[in-house]
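Trainee: with the sequence up front, the predicted model follows.
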Amino acid sequence: MITQIIIIRELLSVLGGNELIIGICTGSWMLLTGIGALLNKKFENLVKKSGFTGFIQICLSVIPIIIVFCLYFFKNHLLLYGIMPNFIQVLLFSLLLLLPYCLIAGLAFPVFAHFAAKEVTNKVSKIYALETAGGVAGCIIFTFFLSNKTDSWNILLMLAIINLLLGSGYLFFKNNFIYSIIIFAIALIIIPLFNILKIKDITLNMIYPDQQIILSEESSYGKLVVTKQSGQLNYYENGVPIFSSNNVIENEEIIHFGMVQRDSIKDVLMIEGGSGGALLEILKYPVQNIIYTCINPLLIKTGKLSGNIPENNKIQIFNVDGRFFINNTKKYFDMVFVNTSEPSTINLNRFFTKEFFYDIKKKLKPGGIVITSLPSTANYMSNKQLSMHSILNTTLKSVYKNVEIIPASRNYFLASDSVIYINIAEKIMNKNIENQYVNQYYISDISLKEYSETIEKKLIKNADINSDFRPVEFYNQLGVWYEKTSTNTLLFTVIIVAIVFLFIFFLNPVRLGVFSSGLNISSIELLLIMTFQILYGYIYEYIGLLIALCLTGLALGSYFAEKINVNNKYKVFMNRQFMLVLIPLFIVPSFILYSNYSVSSLILFIYISLFSFGGSLIGGLQFGLSTKLQNKKILDKARLSYSADLFGSFAGALIIPLLLIPVWGFVKTCLILSGFNLLCLLIMWLKRNYILIN
């Protein structure tokens, strides 16, 4: 579990972090691990030898380090530098990298099930419970002891040594002394060898060629890398460039387009984006208080070191999520700058929703203004870009009386219940503000007005409103990404849906139930994680605990499945499947109540957490019962049930974040999930007389 978290985070930092990348990488992991479990049949004679476990331990120790090195090495050899990889490239890249580790990890479960069978009286479900309990432990250890204490390389080295020592000890007690000594020797030399080769420095230089690495640190919010090139500092968060020093144009635009709107602005709030120099521009005005919220402490640290966050009594810095601050502060503001990147993730989308803008409105003084932005469309606006701008415009107008768009290096949206001015150059001159770019010499008020009116005329008047639990803006941002990378989303959708339906109609009914529960567990877990992210924005810090909650239910369900001693076990199996039909339906009211009746976010999260735990508990029971319903050897029971579970998890990990939530939102996703479980239940009932076949 720790290795999975580390490698997926590294993939995010190299390929660019959003839910699409997470879905592809997680799905690839589950798919390959499931295939590995099935391949166990091909190596049945070999895996029964105790020495084979030593080989597995060596692979599980060394391969993760090789994967991360190859990830950095092949990024600029297989993918063009500076070009965003398309969907097919990301999928093939992740499959290629994860292939060796995941196949062996999938192969390992039936192997260990075979050797542990005597100790647990031939009960595969208890072995599965032990494996899942290890996942729970991994999540907790990573969250509380590793994520903020050291970097990925050190964690992988630590895991390698633990695995090697366990393998060496196991073989020693099995009297395989030669293999035991070899593995122990590898454990002794791996750390000094790693330090001598300076692997970490080499890999960073591969990703950022011709740039001096100033800082590379990891926090619970991801990896931050700061590079220096031609005197400019470049900031990358999870591999995505977030801002650069000396970016005078954007810093001046977002600040002065807003600050010139009122004669007297005393209290200013900036949400994110202040570590690149924008705060210095605010200080050109006679403000009294500036509050800057930034969730990543490393950005605050680097901003202070570079001088972009000056020491000034007027500036207060809060290391918290911007939405959390808005909902809990008692302060009121004349101006609120939402200086985040475009809504390319669910996390960023929450700063572009109706709920968020309404929360800001409650904290604005009379005449107060909020300003946000989207990437510039220059002289051409594609259909997806048009839709993205239209949605933001409609969303803002659903909350504020007046909305104006000022096109520049980005397209800036200003919203207020009072008048908004677009004669920026004139107002800058009247206020006698000295700027390098935003002034009467470089900006034409006539041109700004013409460009603004042109964009306004193009916008779709009845565009959808972006909301927390129907993130249409995020979906459109994905559409822009698909357009830029020439990805055929319709073809991808058809292929994935076709694969899922092949599983539904051709799987043995018992393994269909396990497949369905695996899909259900991963889907509800993703719903829980995204809900937490939308409500609190702390996803990187608490994702380990959320996964641990799911795995705990899975482990307990699998363990207690052995205590079910009834004659008609298949009837119990189908009853549990019916409960999987109901669980998504019970989640639906929580989203409706939150969106329409302002139900407490804490109550919403606790409510969904209970159903996530319940769904995992039922999934564990399904897995345990499936092993009782199959009249097969331990190895076959383990590989067939384990692979079906992982294939279901693969489908859920890929379909939920990439297709269902962006297109239909959280409520309809739950309804579709319930309908899918009902279809599986119907097929299981029709095939009830064939449960022991294949």
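Mentor: Right, received. Where do you want to start? Residues are numbered from 1 along each chain as shown.

Trainee: from Lys401, how far off is Asn423?
Mentor: Between Asn423 and Lys401 the computed distance is 20 Å (C-beta to C-beta, to the nearest Å). In short, each C-beta sits where N, CA and C put it, glycine included.

Trainee: output the below-cut-off pLDDT ranges for the stretch 201-350 of the chain.
Mentor: Across the stretch 201-350 of the chain, the ranges flagged by pLDDT under 70 are 220-222.

Trainee: hang on, the earlier thing: neighbour count winner among Asn423 and Lys401?
Mentor: Neighbour totals were compared for Asn423 and Lys401, and Asn423 leads with 15 against 11 (other C-beta atoms under 10 Å).

Trainee: for the closest residue to that one other than its chain neighbours, grab the count of nearby residues.
Mentor: Ranked by C-beta to C-beta, 6 or more residues apart in numbering and with sequence neighbours excluded, the top spatial neighbour of Asn423 is Asp445, at 4.5 Å. The number of residues packed around Asp445, counting by other C-beta under 10 Å, is 16.

Trainee: what separation do you get for the most far-flung residue of the chain relative to its centre and Leu374?
Mentor: Ranking residues of the chain by C-alpha distance from their mean position (C-alpha atoms, centre = their mean) puts Asn430 at the top, at 46.5 Å. When C-beta to C-beta is applied, the distance between Asn430 and Leu374 equals 29 Å.

Trainee: same check on Phe650?
Mentor: For Phe650, the distance to Leu374 equals 34 Å [C-beta to C-beta].

Trainee: those two - which one has more neighbours?
Mentor: Using other C-beta under 10 Å, the more surrounded residue of Phe650 and Leu374 is Phe650, with 27 against 23.

Trainee: for that one, report the pLDDT, please.
Mentor: Note for Phe650: predicted pLDDT of 88.

Trainee: that one should be in a strand, yeah?
Mentor: No - assessed by DSSP: H, G, I helix; E, B strand; the rest coil, Phe650 does not belong to a strand; its assignment is helix.

Trainee: just give the closest residue to it, not the sequence neighbours.
Mentor: For Phe650, the spatially nearest residue (C-beta to C-beta, 6+ apart) is Met30, at 3.7 Å.

Trainee: can you check Val225 too?
Mentor: Ranked by C-beta to C-beta, 6+ apart and with sequence neighbours excluded, the top spatial neighbour of Val225 is Tyr236, at 4.5 Å.

Trainee: tell me which helix or strand the one you found sits in.
Mentor: Assignment of secondary structure by DSSP states H and E places Tyr236 within strand 232-237.

Trainee: after that strand, next one along is what?
Mentor: In the C-terminal direction from strand 232-237 (assignment by DSSP H and E), the next one is strand 240-244.

Trainee: okay, now the sheet partners of that next one, with direction.
Mentor: If you go by DSSP bridges, strand 240-244 pairs up with strand 232-237 (antiparallel).

Trainee: from what I see, Ile35 and Ile104 are in contact.
Mentor: No - contact criterion C-beta atoms under 8 Å: Ile35 and Ile104 do not qualify, at 11.2 Å.

Trainee: these two - which one has more neighbours?
Mentor: The neighbour comparison of Ile35 against Ile104 (other C-beta under 10 Å) goes to Ile104, with 21 against 18.

Trainee: what's the distance between that one and Lys571?
Mentor: Per C-beta to C-beta, Ile104 is found 38 Å from Lys571.

Trainee: before we move on, the earlier item: pretty sure the residue nearest to Asn423 contacts Ile424?
Mentor: Yes - with contact defined as C-beta under 8 Å, Asp445 reaches Ile424; the gap is 6.4 Å.

Trainee: in the stretch 251-400 of the chain, which spans are strands?
Mentor: Taking DSSP state E, counting those that start in this stretch as the test, the strands found in the stretch 251-400 of the chain are 267-271, 289-293, 315-318, 333-338, 364-375.

Trainee: list the contacts for Asn466?
Mentor: Asn466 sits next to 343, 349, 352-354, 391-392, 395, 472-473 when contact means C-beta atoms under 8 Å, 6 or more residues apart in numbering.

Trainee: where helices are concerned, which of the residues you listed count?
Mentor: 349, 354, 391-392, 395, 472-473 (DSSP state H).

Trainee: of these, buried ones?
Mentor: The neighbour-count test (16 or more other C-beta atoms under 10 Å) marks 349, 354, 391-392, 395, 472-473 as buried among the ones in helices among the contacts of Asn466.

Trainee: and which of the residues you listed is nearest Asp201?
Mentor: Asn349 (35.7 Å; C-beta to C-beta).

Trainee: quick check: that closest one vs Leu224, distance?
Mentor: In this structure, Asn349 and Leu224 are 22 Å apart, going by C-beta to C-beta.

Trainee: over to Asn596?
Mentor: The spacing between Asn596 and Leu224, counted by C-beta to C-beta, is 38 Å.

Trainee: what do you get for Leu659?
Mentor: Relative to Leu224, Leu659 is positioned 31 Å away (criterion: C-beta to C-beta).

Trainee: also Leu164?
Mentor: With the distance defined as C-beta to C-beta, Leu164 ends up 31 Å from Leu224.

Trainee: what does Val514 give?
Mentor: For Val514, the distance to Leu224 - C-beta to C-beta - is 41 Å.

Trainee: what does Val124 give?
Mentor: Using C-beta to C-beta, we find Val124 at a distance of 43 Å from Leu224.

Trainee: those two - which one has more neighbours?
Mentor: Between Val124 and Leu224, counted using other C-beta under 10 Å, Val124 has the larger neighbour count: 33 against 22.

Trainee: hmm, back to that, just send the strands of the stretch 251-400 of the chain back as TSV, with distance to Thr143 too.
Mentor: TSV is the format used below for the strands of the stretch 251-400 of the chain (distance: least, C-beta to C-beta, whole Å):
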stretch	distance to Thr143
strand 267-271	26
strand 289-293	23
strand 315-318	23
strand 333-338	29
strand 364-375	32
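
Trainee: so which of these is nearest Ile465?
Mentor: Of all the strands of the stretch 251-400 of the chain, it is strand 364-375 that lies closest to Ile465, at 15.2 Å by C-beta to C-beta.

Trainee: many thanks, have a good one.
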